Every structure is written in structure tokens, then in C-alpha cells.
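Engineer: how does the following fold in three dimensions:
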Amino acid sequence: MKNLYKRKIPKRSLHESVIDVLRMNQDQFEQFQKVAGQYQVGNQLPKNKLLPRSIDSVRTCNSPSELAALIHLEQNAHDDPSKDFHVGGGILETTRSIFSSLWNTIGLGPEFADWFNFFDYKAEENQIDDDRYAEIIQQSYKDEDERADEVGDWNKDDSLENDDFSVWVDTDDNEVHVALRGTKTGQDIASDLKILATNVSGNEAEVHAFLKEVQDKYPGYELDVSGHSLGANTLMNVFEDYKDLDYDRVNLFSPGTSPIWNLNNAKEAVADDKMYFYLNSGDIISNTFVSLIPSDRKNVHWSKPTHNPLSNHGIAQWVDDV
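Structural biologist: Modelled structure (predicted):
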């Protein structure tokens, strides 16, 4: 059966199917899992054969982010030649079957109306436009005396760096590039816990003061700043809460964000065209942003997920030679 609008459900790549999962709002996710429950008891039958364990995994998972991670784990196991595992009737196929069932409900009642145009989202996988943004974050994770003096034609400003930040200057192009690391040691755990509870790290005032210092030292320069994980979340809050910073670009790599607390700054960041997002659909820590990003949002970069959740969150995935 086609839906009442006589449109066929669009074909989806693996990546697009996972993005569809992550973009579901709470009402849609409840409808989605309800269909899985109907599959289990036989009140609704899928067109193709699905594994009972796959249907149960979809019905009982706690969030779209968890389901997205399960799909990637399944796909990586399928792609691993050393494992006797196949995806037929699995979690991805179950997910697509449920989406197809929901597609056929459009027009049957107002509660299903928001599925119309839901699948118009395009999320092509693409790599970073300049991996030096990621490389200088990698340098910021190192101890100060172990950092490189230059990355490409960007030279480090030793007078401004500290344990959290590194600053890089391109005098030929009149540019300054600032990098802020994420969680490194036990000293950052308190900030991580604050993000889980409030989506605020508590380091915003300190980060603002540093960025203002860089700005004052380099008047007339084009400025940008890049942050990863905890650092990306903090940058997002700083630029939404402080309006005296004149930076042209803010790169947010895997911004750690809790979906259950205040998302006002996250929504404002998505609406701010100076914010560049670097995401991985297999990264549970930053997947909250996928549900907030509209289909026509520019400057959203995707990395290909692996079987390793740490790699899906790490900064190394954005550097070509790693």
C-alpha cells in the first residue's frame, strides 16, 4: 500500500537511514517503537522476514542515538571478513521496514502528519575541508613542550598557548587559528559531569577571556577557533552567551551534548552560520545535534563511522594521515 499522497518512500543509503533514525523526535520514536511491538505480537506483519532478536532490539533500545550505534555495530560486523555475520533481517532492515510501515500511515490521522517530507533530508558523507583545524586540536591535547612549532604554514604562538589552548598564526593570509582541546585527564571529569547535567561546562568565562585576549593581540586578522567534545560544547556556549567576540568561524568537532537538558544554545548554534559542525552518526556523545540540524543546513561535515565508539568520537578521524 502506498500512503494517501501516492508517493513512494524515498530510497535511503545506510548513512541516510541512520540520520533518519537520529532525526526522530520523541513522538516519532514512540510511534516507531510501537510498530516494532506490533511486529512482535503479529498485529502487523512486515513485507520481508526479520529476525525476532532484531525486532526486540529496536523495540527495547533507549533512544535514537542508541539505535544508530547498534546499526553501525551491525554493519561493521557484517563488513568484517573474519566474522560469520550477515545483516539480512537485522536491525537496519528492521528499521527500514518500520519506516516503510510508518510512511504508509501518512494521511490516516493527524498524529502521523509529521512523517510527510521527513525523508527529504539529504546527508551525504563528506570529509573536512581543511584538516589543519583538526590537527591543531590534536596538538592541543599534547603537553606544551611536545607540540609542533608549525602545522602546514600555520606557526604556533608560544606566548599564548596553555594546557587547554594552542594558537596558530598564518601571517601570509593574515589569519589566526585557535584550538581548544576536550577532555584529557581527571581534572576535566567535573566539567563533563556538568555537561551531562546542564549542557554547561562551567569553563565558559575562562574560555571567553582567552579568546578575547587573542582577539586583542591580533587586530585586523581573520580569526577562527576549533574545539573538540567538551571544548566544542564550551565554545558553543561562549559564542551564544558573549557577543563581544569577533571570530569569523567556529569549528565544533563532536560537541558533547546531553539531549535531556536545555538545548537553547545548541539550537542557536545551529542557526548561526559561523558555526561549522563535524559529526559522526556513530557517535552517541554528539548525536543530539543531528535532530536539531535542518535539511538545508550548510557547513555540516560527516565522518564515516567505525566499529569503535571511541574512534567515532575522537579527533583523529578528521586527520587524513591517521
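Engineer: you'd agree Tyr278 is in a strand?
Structural biologist: Yes. Counting by DSSP: H, G, I helix; E, B strand; the rest coil, Tyr278 is found in a strand.
Engineer: distance of Phe253 from His177?
Structural biologist: Separation of Phe253 from His177 (C-beta to C-beta, to the nearest Å): 14 Å. Where C-beta positions appear, they are placed from N, C-alpha and C, glycine not excepted.
Engineer: what residues are shared contacts of the two?
Structural biologist: Residues touching both Phe253 and His177 (C-beta atoms under 8 Å, 6 or more residues apart in numbering) are Tyr133, Ser226.
Engineer: of the two, which one has the most company?
Structural biologist: Phe253 (30 against 25; other C-beta atoms under 10 Å).
Engineer: report pLDDT for that one.
Structural biologist: At Phe253, the model reports a pLDDT of 95.
Engineer: does Arg249 touch Tyr276 like I think?
Structural biologist: Yes. In this structure Arg249 lies within contact range of Tyr276 using C-beta atoms under 8 Å: 6.3 Å.
Engineer: which residues touch the residue nearest the centre of the chain?
Structural biologist: The residue lying closest to the centre of the chain (C-alpha atoms, centre = their mean) is Leu279, at 3.4 Å. Leu279 sits next to Ser254, Ser286, Asn287, Phe289, Val290, Val300, His301, Trp302, Ser303 when contact means C-beta under 8 Å, 6+ apart.
Engineer: just send those residues back as JSON lines, with secondary structure too.
Structural biologist: Output for the contacts of Leu279, formatted as JSON lines (three-state DSSP):
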{"residue": "Ser254", "secondary structure": "coil"}
{"residue": "Ser286", "secondary structure": "coil"}
{"residue": "Asn287", "secondary structure": "helix"}
{"residue": "Phe289", "secondary structure": "helix"}
{"residue": "Val290", "secondary structure": "helix"}
{"residue": "Val300", "secondary structure": "strand"}
{"residue": "His301", "secondary structure": "strand"}
{"residue": "Trp302", "secondary structure": "strand"}
{"residue": "Ser303", "secondary structure": "coil"}
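Engineer: from those residues, pick the one nearest Asp241.
Structural biologist: Phe289 (18.1 Å; C-beta to C-beta).
Engineer: how about the strands of this protein, start to end?
Structural biologist: With strands called from DSSP state E, the chain shows them at 150-151, 154-156, 165-170, 175-180, 222-228, 249-253, 275-279, 300-302.
Engineer: out of those, which gets the lowest mean score?
Structural biologist: Across the strands of the chain, strand 300-302 gives the lowest mean pLDDT, at a mean of 90.
Engineer: so which elements touch that strand?
Structural biologist: For strand 300-302, the elements it packs on are strand 275-279, judged by 3 or more C-beta pairs under 8 Å, 6 or more residues apart in numbering; DSSP states H and E.
Engineer: surely Arg132 meets Val151?
Structural biologist: Yes. Using C-beta under 8 Å, Arg132 is in contact with Val151, at 5.4 Å.
Engineer: the two: which is more packed in?
Structural biologist: Neighbour count, other C-beta under 10 Å: between Arg132 and Val151, Val151 has more, with 22 against 18.
Engineer: contact partners for the more buried one?
Structural biologist: Arg132, Glu135, Ile136, Gln139, Trp168.
Engineer: for the last one, which non-adjacent residue is closest in space?
Structural biologist: Residue nearest to Trp168 in three dimensions, not counting chain neighbours: Trp154, with 3.9 Å by C-beta to C-beta, 6 or more residues apart in numbering.
Engineer: now Val214: how far from Asp27?
Structural biologist: Distance, Val214 to Asp27, using C-beta to C-beta: 44 Å.
Engineer: the closest residue to Ser291 other than its chain neighbours - how many residues pack around it?
Structural biologist: Nearest residue to Ser291, sequence neighbours excluded (C-beta to C-beta, 6+ apart): Arg23, at 5.3 Å. As a burial measure, Arg23 scores 19 neighbours (other C-beta under 10 Å).
Engineer: okay, Arg23: pLDDT?
Structural biologist: pLDDT, Arg23: 91.
Engineer: got it, and Ala316?
Structural biologist: For Ala316, pLDDT reads 91.
Engineer: that one against Gln138, yeah?
Structural biologist: Yes. Counting by C-beta under 8 Å, Ala316 does reach Gln138; the two are 7.0 Å apart.
Engineer: pick out whichever of the two has more residues nearby.
Structural biologist: Gln138 (22 against 14).
Engineer: how close does the more buried one get to Asp131?
Structural biologist: With C-beta to C-beta as the criterion, Gln138 and Asp131 are 10 Å apart.
Engineer: intersection of neighbour lists for the two?
Structural biologist: With C-beta under 8 Å, 6+ apart as the test, Gln138 and Asp131 both reach Val319.
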